[in-house]
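In: model the following, please.
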Amino acid sequence: MKFGFIGAGNMAGAMIQSALNHNFSKQDLLVCDLDDQKAAATGASVMPDAQSVCRNADIVLLAVKPNAVKSVLQSVGRQLEGKALVSIAAGLSTDYLASCLPDTVRICRVMPNTPLLVGEGAIAISAQHTLAEAEFEAVRTFFAVMGKVCCVQESMMDAVTGLSGSGPAYVYRMIEALSDAGVMEGLTRDAANLLAAQTVLGAARMVVETGTHPAALKDAVTSPGGTTIQGLYALEKNGFYGAVMQAVHDGTQRSRELGKQQ
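Out: Just a heads-up that it's a prediction; the model follows:
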């Protein structure tokens, strides 16, 4: 199947690069963007406009900002008739997307995140899609090479946006803080960056691959009266746990607001 991208921003670019890295051919990946140079930089086959993408692709991925979705869909509705559309726009429900399109368009809402560029994405697909079975399997397979895929209820997609959609930014901030702390204690920047990033990567893999609850893994590192419990106390004293939860909550709320604004 040919996958067509309307929009060549950071997320679309990451998806295209990841697909190319996993043996998808340039000929099966189509893209258009208002900025032709940005579209060309993705490595996909550049199309002159969104209508051309829709005519030539089997599955169209909508990767534009939420405030541009309505006008884009209205401009390509005829070319999408009888086809499958996958939207990665934050906050916009399947019902809203359907209201902008002809009845024959089959719709799937997906929320990926940028680590899919290196094959470690977290990708959620709405269970309330209307794709044909073969189309859904093609979409699931497309994203499965880029990371972990799960299906969630449509009502949970805003929470996914707040958690895994925005989550990489919070993790990068934590890595930056760990690295800065290492430099403060005398490590070189290169060593501090490597140790901080690998620590986060290793800890994440422990959770995913062992299936052990994070709290149990934390306890396994925490010796009585040792360095780790002292550090955990400092984190709690400074509101670390609550701040992370608040960030996810606020991101979720913002996703809901974006949907209501449309």
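In: the stretch 51-200 of the chain: helices as residue ranges?
Out: Using DSSP state H, counting those that start in this stretch, the helices found in the stretch 51-200 of the chain span residues 66-80, 94-99, 133-144, 157-160, 167-184, 189-210.
In: pick the most buried one from these.
Out: Ranked by mean neighbour count, the helices of the stretch 51-200 of the chain are led by helix 157-160 with a mean of 24 (mean count of other CB atoms under 10 Å). Backbone N, C-alpha and C define where each C-beta goes, glycine included.
In: what packs against that helix?
Out: If you count contacts as 3 or more CB pairs under 8 Å, 6 or more residues apart in numbering; DSSP states H and E, helix 157-160 packs onto strand 106-111, strand 121-126, helix 240-261.
In: out of those, which comes closest to V139?
Out: V139 lies closest to strand 106-111 among these, at 5.9 Å (CB to CB).
In: now the closest one against helix 240-261, angle please.
Out: Here strand 106-111 runs at an angle of 150 degrees relative to helix 240-261 (axes from the mean of the first three to the mean of the last three CA atoms, to 10 degrees).
In: which residues sit against strand 106-111?
Out: Applying CB atoms under 8 Å, 6 or more residues apart in numbering, the contact partners of strand 106-111 are 83-88, 90, 92-94, 97-98, 101, 123-126, 128-132, 135-136, 139, 143, 154, 157, 160-161, 164-165.
In: what about the closest residue to V183 other than its chain neighbours, distance to L201?
Out: Computed as CB to CB, 6 or more residues apart in numbering, the closest residue to V183 that is not its neighbour in sequence is A192, at 5.0 Å. From A192 across to L201, the span is 15 Å (CB to CB, to the nearest Å).
In: now L97
Out: As judged by CB to CB, L97 and L201 stand 35 Å apart.
In: check A50 too.
Out: Separation of A50 from L201 (CB to CB): 37 Å.
In: okay but L101 is in contact with R78, surely?
Out: No: here L101 does not reach R78: they are 10.0 Å apart, not a contact under CB atoms under 8 Å.
In: can you name the residues that contact the residue nearest to A159 when sequence neighbours are not counted?
Out: Nearest residue to A159, sequence neighbours excluded (CB to CB, 6+ apart): T252, at 5.1 Å. By CB under 8 Å, 6+ apart, the contact set of T252 is D158, A159, T161, G162, L163.
In: the third one against I88, yeah?
Out: No: the pair T161 / I88 is not scored as a contact, 10.0 Å apart, by CB under 8 Å.
In: more crowded one of these two?
Out: Using other CB atoms under 10 Å, the more surrounded residue of T161 and I88 is T161, with 26 against 22.
In: what sits against that one?
Out: So T161 contacts A90, G91, M111, G251, T252, S255 (CB under 8 Å, 6+ apart).
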